[in-house]
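can't give you the sequence, but here's the structure:
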């Protein structure tokens, strides 16, 4: 074969590294694309929502952090699925200014903590009953334009999209996917190098 190109072990390794990097980028961006579609796009501007809902089914009480994130302008987790009869306890960190929890369905909200407060340790609880089945969006009213939003899905049938175990952050899952993808592509690159050595030996060759 007279292609006028030179193939070296170094070139093959660079190619394998490029493929691995591409896989890493793909793994990191998959979730953000799906977030645009879940719950009618309600959480598309919540920076900590990647299209997956925290699964808290089987739990009697669940805590959602109010004022999470580096700037204190997030609910964490932003989306949770629970069974009917579960109590959600929103707990304030005191970060990010004054926050509240306000359901945005209809003229009469199903749940609301009232006026925004900025005190650490404030708690607001609401128990979702059988008649509350559905997906219930809510916001921090002073910061909703900044993406401080959440959804409580009552009943597994009302989850929109995939789930992950409650208590395990989406960030850790995303990092796991990235490293997992890198490992897969890294193995592929090593197999390619081994095959190259079998065919051409250890010296650089020209074709």
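Perfect, I can see it now. Just so it is clear, the structure is predicted and the values come from calculations on it, not from any experiment.

C-alpha from now on. contacts and neighbour counts both.
OK.

can you pull the domain assignment for this structure?
Domain segmentation of the chain under automatic domain parsing yields 6-30+174-206, 40-164.

specify the local secondary structure of residue 144.
helix (DSSP: H, G, I helix; E, B strand; the rest coil).

for it, report the pLDDT, please.
Looking at residue 144, its pLDDT stands at 98.

again with residue 16
pLDDT at residue 16 comes out at 42.

equivalent analysis for residue 53, please.
According to the prediction, residue 53 has pLDDT 98.

for the nearest residue to it once chain neighbours are set aside, what are its contacts?
Spatial nearest neighbour of residue 53, chain neighbours left out: residue 163 (4.5 Å); criterion: Cα to Cα, 6 or more residues apart in numbering. Neighbouring residues of residue 163 by Cα atoms under 8 Å, 6 or more residues apart in numbering: 52-55.

looking at these, which are in helices?
Among these, none falls in helices (DSSP state H).

now the helices for this protein?
9-34, 170-200.

and those helices, which one is worst for confidence?
helix 9-34 (a mean of 41).

determine the longest strand present in the protein.
strand 61-68 (DSSP state E).

neighbouring strands of that one in the sheet, and parallel or not?
Strand 61-68 has the following strand partners under DSSP bridges: strand 74-76 (antiparallel), strand 87-92 (parallel).

and residue 137, which of the ones you listed is closest to it?
Closest approach to residue 137 among those (Cα to Cα): strand 74-76, 11.9 Å.

who touches the closest one?
With Cα under 8 Å, 6+ apart, strand 74-76 has contacts from 46-48, 64-68, 147-150.

so which of those residues is surrounded by the most neighbours?
residue 66 (33 neighbours; other Cα atoms under 10 Å).

would you mind measuring from that one to residue 107?
Distance from residue 66 to residue 107, counting by Cα to Cα, to the nearest Å: 23 Å.

and what of residue 75?
Per Cα to Cα, residue 75 is found 23 Å from residue 107.

who has more neighbours out of these two?
With neighbours defined as other Cα under 10 Å, residue 75 and residue 107 compare such that residue 75 has more, 28 against 7.

show me what that one is bridged to.
Under the criterion used (DSSP bridges), residue 75 bridges to residue 66.

quick one: residue 110 and residue 103 touch, right?
Yes. The pair residue 110 / residue 103 is scored as a contact, 6.2 Å apart, by Cα atoms under 8 Å.

neighbour count: these two, which is higher?
More neighbours surround residue 103 than the other of residue 110 and residue 103, with 22 against 15 (other Cα under 10 Å).

quick check: closest non-adjacent residue to that one.
Closest residue in space to residue 103, ignoring its immediate chain neighbours: residue 138 at 4.1 Å, by Cα to Cα, 6+ apart.
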